[in-house]
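A.B. asks: Predicted structure and sequence below. I'll ask about it afterward.
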Amino acid sequence: MTQHKSPLAASPLSTVPEETPGHGLLAGKKVVVTAAAGTGIGFSAARRAALEGADVLVSDFHERRMNEARDSLAAEFPEQRFEAITCNVQSTSDVDALISGAAEKLGRIDVLVNNAGFGGEGELVDMTDEDWDRVLDITLNGTFRATRAALRYFRDVPHNGVIVNNASVLGWRAQRGQAHYAAAKAGVMALTRCSAIEGADFGVRINAIAPSIARHAFLEKSASAELLDELAAKEAFGRAADVWEVAATIAMLASDYTTYLTGEVVSISSQRA
């Protein structure tokens, strides 16, 4: 008689695996990552790009943490090049300067990872215009500004490029207190699809990731541990993603393993309703 595990039993996948080693997926590439300081997906994406062989420029609004991130990467990967440019994605001039400055510092740009975003919890009935506008401006408009600047760059150079946007499963799912963030991330998904059609004219592939929950120190500051535990428990593996698992998917989308993939949103989750 076949024995089946209880649905309440822990999944064999409930333990975060050891980080997958690099395989040279981005060897020789020049990668720019926004909001790359700190402990979250941005820094992990920058580190993964380095692990896959890329030279990396990190950008962030917080200059000290950004420089610490650059120095940390340089110490871990001494054979590669790392640069940093401070950027507030709410400023068109900052974003334009980021792209032009990155091309100058690195010699070229092959990949842009649009990671900058801002969230928080708030009931819609109590939300102010300022609350709504800040989340939408950083998360959606910031991605638009960087995508526009990157497309203008790729339009005028002889090589192809890749843009990977950081969306969220909240672009699909309903969650209380997340109307502003969910709307912004749904906008990032739509922006990804539409810009991909235009980006093809300039040899640019544009895709997005949609993580469910990836726990890190910054997220722990913006949401209660109880809520994060509850959300993680609902996932198929009964746990949150580790940031390296998200970053590995970003690296895949940035690599030549996905040359026929554009305008797609790749969910990093169990796709629960």
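C.D. replies: That came in fine, so what should we check first? Residues are numbered from 1 along each chain as shown.

A.B. asks: Please save the CA atoms from stretch 175-185 in CSV.
C.D. replies: Provided in CSV are the C-alpha atoms of stretch 175-185 (Å, rounded to 0.1, in the frame of the first residue of the first chain):
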residue,chain,number,x,y,z
GLN,A,175,-3.2,41.6,0.3
ARG,A,176,-4.7,44.0,2.9
GLY,A,177,-2.8,47.2,3.5
GLN,A,178,-0.8,46.9,0.2
ALA,A,179,-3.0,48.8,-2.3
HIS,A,180,-0.2,51.4,-3.1
TYR,A,181,2.6,48.8,-3.4
ALA,A,182,0.5,46.3,-5.3
ALA,A,183,-0.7,49.0,-7.8
ALA,A,184,2.9,50.0,-8.3
LYS,A,185,4.2,46.5,-8.9
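
A.B. asks: In it, which residues are buried?
C.D. replies: For stretch 175-185, a neighbour-count test (16 or more other CB atoms under 10 Å) marks 177-185 as buried. Placement of C-beta: from N, CA and C, glycine included.

A.B. asks: Next: stretch 237-257.
C.D. replies: Within stretch 237-257, judged by 16+ other CB under 10 Å, the buried ones are 237-255.

A.B. asks: Can you measure across it, start residue to end residue?
C.D. replies: One end of stretch 237-257 to the other measures 26 Å (CA to CA, to the nearest Å).

A.B. asks: Could you pull up the mean pLDDT of that stretch?
C.D. replies: Mean pLDDT, computed over stretch 237-257, is 91.

A.B. asks: Same question for stretch 22-30.
C.D. replies: On average, stretch 22-30 scores 98.

A.B. asks: Let's see the distance spanning it from one end to the other.
C.D. replies: 16 Å.

A.B. asks: Other residues contacting that stretch?
C.D. replies: Identification of contacts with stretch 22-30 by CB atoms under 8 Å, 6 or more residues apart in numbering yields 48-49, 51-57, 102, 106-111, 251-252, 254-257.

A.B. asks: At which residues are the strands of this protein located?
C.D. replies: 30-33, 55-60, 82-86, 111-114, 161-166, 204-211, 265-268 (DSSP state E).

A.B. asks: among these, which is nearest I197?
C.D. replies: With CB to CB, the closest approach to I197 among the strands of the chain belongs to strand 204-211: 9.0 Å.

A.B. asks: Noted, bye for now.
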